[in-house]
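Enquirer: Sequence and predicted structure, then a few things I'm wondering about:
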Amino acid sequence: MKVLLDANALMMPAQFSIDLFDELRNIIGGFEPIVLHSVLRELEGLTRAKGRNGAAARLGLTMGERCTIAEDGNESAGSVDAQVIDYAIRHNCLVVTNDRRVRDELFAHGIGVISMRKQKKLELLRR
């Protein structure tokens, strides 16, 4: 199963002390983690921040490099979030995100979302 990770998903391990890949294995079993090149660029920009957000972005960037990097995010789709949505729709893959707007848009297209529950664990949501 292909699972697309957005920037805030890759920052979850530092922000919430969870093991992202173990949580995903517990929920769906075997999976292929995918990250868009534009998401990695977004994280690179965030690594310059000081404090917890910068540290979370640095860890997220390291985790993103362990994923399959997809070059075919539709740049004409606009923002990085729009590219994540577009990729998920075109490739019919699950998406890990905490972004409510992204989640609602994915639900509107019948795409499953994995999100944080009570800042402790991940859960699969479908609507």
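Expert: Yep, that arrived. This structure is a prediction, so every number in the text was calculated from the model and none was measured. Residues are numbered from 1 along each chain as shown.
Enquirer: what does the one helix or strand Asn8 maps to contact?
Expert: Assigned by DSSP states H and E, Asn8 belongs to helix 7-16. If you take C-beta atoms under 8 Å, 6 or more residues apart in numbering as the criterion, helix 7-16 is touched by 18-20, 35, 39, 42-43, 46, 52-53, 55-57, 59-61, 63-64, 80, 96-99, 114, 116, 119-120. C-betas here are computed from N, CA, C, even on glycine.
Enquirer: Buried residues in stretch 102-122, which are they?
Expert: Residues Val102, Arg103, Glu105, Leu106, Ile111, Gly112, Val113, Ile114, Ser115, Met116, Leu122 are the ones in stretch 102-122 that count as buried (16 or more other C-beta atoms under 10 Å).
Enquirer: and the helix ranked longest in the chain, what does it pack onto?
Expert: Identified as the longest helix of the chain according to DSSP state H is helix 51-64. Helix 51-64 is packed against helix 7-16, helix 37-46, with contacts defined by 3 or more C-beta pairs under 8 Å, 6 or more residues apart in numbering; DSSP states H and E.
Enquirer: So, low pLDDT: which residues of the protein?
Expert: For the chain, the stretches flagged by pLDDT under 70 are 72-77, 127.
Enquirer: What's the local residue count around the nearest residue to Lys121 once chain neighbours are set aside?
Expert: Of all residues not flanking Lys121 in the chain, Glu23 sits nearest, at 6.2 Å (C-beta to C-beta, 6 or more residues apart in numbering). Residues within reach of Glu23, counting by other C-beta atoms under 10 Å, total 19.
Enquirer: Surely Glu23 forms part of a strand?
Expert: No. Using DSSP: H, G, I helix; E, B strand; the rest coil, the assignment for Glu23 is helix, not a strand.
Enquirer: So it versus Arg100, what's the distance?
Expert: For Glu23, the distance to Arg100 (C-beta to C-beta, to the nearest Å) stands at 20 Å.
Enquirer: So for the longest helix of the chain, what gets flagged as buried?
Expert: Using 16+ other C-beta under 10 Å as the test for burial, helix 51-64 gives Ala56, Ala57, Arg58, Leu59, Gly60, Leu61, Met63, Gly64.
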